[in-house]
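Asks: Using only what follows, build the 3D model:
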Amino acid sequence: MFFPASLPGFLVEKQGHVLGLLTYAVANHQLEIVTIDALRRGRGVGTALVDAAVRQARTLGCSRVRLTTTNDNLDALRFYQRRGFKLAALRPDAVREARKLKPEIPAVGDYGIPITDEVDLERWVAPRQ
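Replies: Numbering: from 1, shown residues only. Model (predicted):
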């Protein structure tokens with residue numbers, strides 16, 4: 001479990017207005033994107049945030065950037081794969097366990113798809129050791 005407000009991150013601003021935010025955690029030579037919010041889609045904000053995370057991972061000597069999303073989040077799956085991330089793991093029915101800690105997770109998500117599974121994506125940013 002993460003507490004995003006206490007994590008380091010990146011902010012995209014334009015003329016004093018926040019356009020996006022990404023938070024991350026680092027452990028075991030990997031940088032994990034914990035949250036990403038682009039308030040205006042289709043303007044490169046999410047890409048700029050991911051690029052900043054990848055640069056930070058390299059700076060910190062991490063070998064990869066990873067994240068977790070849910071099976072219903074087709075827009076995120078498309079977004080990350082177009083930016084070099086690959087599917088790394090599927091945890092069927094993992095959201096059932098997550099709801100025990102966060103009962104506010106809805107039963108149905110984007111496009112009317114039941115939210116049931118967690119999907120991990122990763123992007124290697126340095127040669128494997």
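
Asks: need the helices for this structure, in chain order.
Replies: 45-59, 74-81, 94-101 (DSSP state H).

Asks: per-residue confidence averaged over the second one?
Replies: Which is helix 74-81. Across helix 74-81, pLDDT averages out at 97.

Asks: which sections of this structure are below the confidence cut-off?
Replies: 1-4, 127-129 (pLDDT under 70).

Asks: in it, which spans are strands?
Replies: 9-14, 17-27, 30-38, 64-70, 86-91, 118-124 (DSSP state E).

Asks: The first one pairs with which strands?
Replies: Same thing as strand 9-14. strand 17-27 (antiparallel) (DSSP bridges).

Asks: now the strand it pairs with, how far from the centre of its chain.
Replies: The chain centroid and the centroid of strand 17-27 are separated by 10 Å under CA atoms, centre = their mean, to the nearest Å.

Asks: Tell me the buried residues in it?
Replies: 19-25 (16 or more other CB atoms under 10 Å). For every residue, glycine as well, the C-beta is placed using N, CA and C.

Asks: what's the span of stretch 8-27, first residue to last?
Replies: 13 Å (CA to CA, to the nearest Å).

Asks: Nearest to residue 103, out of the strands of the chain?
Replies: strand 64-70 (15.3 Å; CB to CB).

Asks: ok, the closest residue to residue 92 other than its chain neighbours to residue 63 distance?
Replies: Residue nearest to residue 92 in three dimensions, not counting chain neighbours: residue 117, with 5.2 Å by CB to CB, 6 or more residues apart in numbering. Counting by CB to CB, to the nearest Å, the separation of residue 117 from residue 63 is 26 Å.

Asks: related to what we said a few turns ago, closest one to residue 109 among the strands of the chain?
Replies: Of the strands of the chain, nearest to residue 109 by CB to CB is strand 64-70, at 6.5 Å.

Asks: contact partners of that closest one?
Replies: Here strand 64-70 makes contact (CB atoms under 8 Å, 6 or more residues apart in numbering) with 29-34, 36, 50, 53-54, 57, 76-77, 80, 85, 88, 95, 109, 115-126.
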